[in-house]
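1. The following comprises the amino acid sequence and a computationally predicted model.
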Amino acid sequence: MPNKFRLYQTSFVVSDFDRSVAFYSNVLGMTVKRISRTESNDAGIVTGYPGAQLHIAQLMSGDHEIELIQYLKPQGATRPPERKDTGAAHIAFHVDDIDAVYKELLAKGVSFVNPPHHIKSVKACYFLDPDGITLELIQQM
């Protein structure tokens, strides 16, 4: 049976829109596809928060879209997500030379959970965006 679900985008809620867009575009090299504000009733219907106002950036990483959302109304709590908690998620970026990318991102001030570590057929490490959202670098060995 064919899968009727296809991955469209990955979204993260962020606390500081401009800081996050700068991180994902300037530090990680993603291309900004679109920036918008939604203040229509539609945003409230989709999110389940009547009167919601959102600042949204859509960025491209290869052929995958990353969406960054800052809730302007209602505002959410600002706390770093814990990797171990139910509902936590992360995305992984495939790289050709993880050690070089690790050093490059360290030089740009990116916080890492661990340095690249070899596990079976991959080398991987976790790092954090400005809100503490977990991201991963992975290299096939």
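-> Perfect, I can see it now.

2. all contacts plus neighbour counts: C-alpha atoms, from now on.
-> Will do.

3. Give me the residue ranges of this protein where confidence is low.
-> 1 (pLDDT under 70).

4. Which parts of it are helices?
-> Counting by DSSP state H, the chain has helices at residues 17-22, 41-47, 98-107.

5. What is the longest one packed up against?
-> For helix 98-107, the contact count by 3 or more CA pairs under 8 Å, 6 or more residues apart in numbering; DSSP states H and E identifies strand 134-140 as packing neighbours.

6. go on, the shortest one?
-> Applying 3+ CA pairs under 8 Å, 6+ apart, one finds that helix 17-22 contacts strand 64-73.

7. Sheet-wise, list the partners of the strand it packs on with their directions.
-> In the sheet, strand 64-73 lines up against strand 9-13 (parallel), strand 53-61 (antiparallel) (DSSP bridges).

8. will you turn those into TSV that also has mean neighbour count?
-> Shown next, in TSV, are the strands paired with strand 64-73 (neighbours: other CA atoms under 10 Å):
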stretch	mean neighbour count
strand 9-13	15
strand 53-61	20
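
9. can you put those in JSON lines and add distance to Asp129?
-> Output for those, formatted as JSON lines (distance: least, CA to CA, whole Å):
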{"stretch": "strand 9-13", "distance to Asp129": "11"}
{"stretch": "strand 53-61", "distance to Asp129": "15"}
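
10. ok, back up a step: I'd like to know which of the helices of the chain is closest to Ile133.
-> Using CA to CA as the criterion, the shortest distance between Ile133 and the helices of the chain is 10.7 Å, found for helix 17-22.

11. List the buried residues of that closest one.
-> Neighbour counts over helix 17-22 (16 or more other CA atoms under 10 Å) mark Phe17, Ser20, Val21 as buried.

12. Give me the distance between Pro81 and Thr38.
-> Here Pro81 is placed at a distance of 25 Å from Thr38 (CA to CA, to the nearest Å).

13. Can you list the neighbours in contact with stretch 48-66?
-> 8-12, 17, 21, 24-25, 30-41, 43-44, 67-74 (CA atoms under 8 Å, 6 or more residues apart in numbering).

14. contacting residues for the closest residue to Thr134 other than its chain neighbours?
-> Distances taken as CA to CA, 6 or more residues apart in numbering place Leu128 nearest to Thr134, at 4.8 Å, with adjacent residues excluded. Taking CA under 8 Å, 6+ apart, we find Leu128 in contact with Val110, Ser111, Phe112, Val113, Thr134, Leu135.
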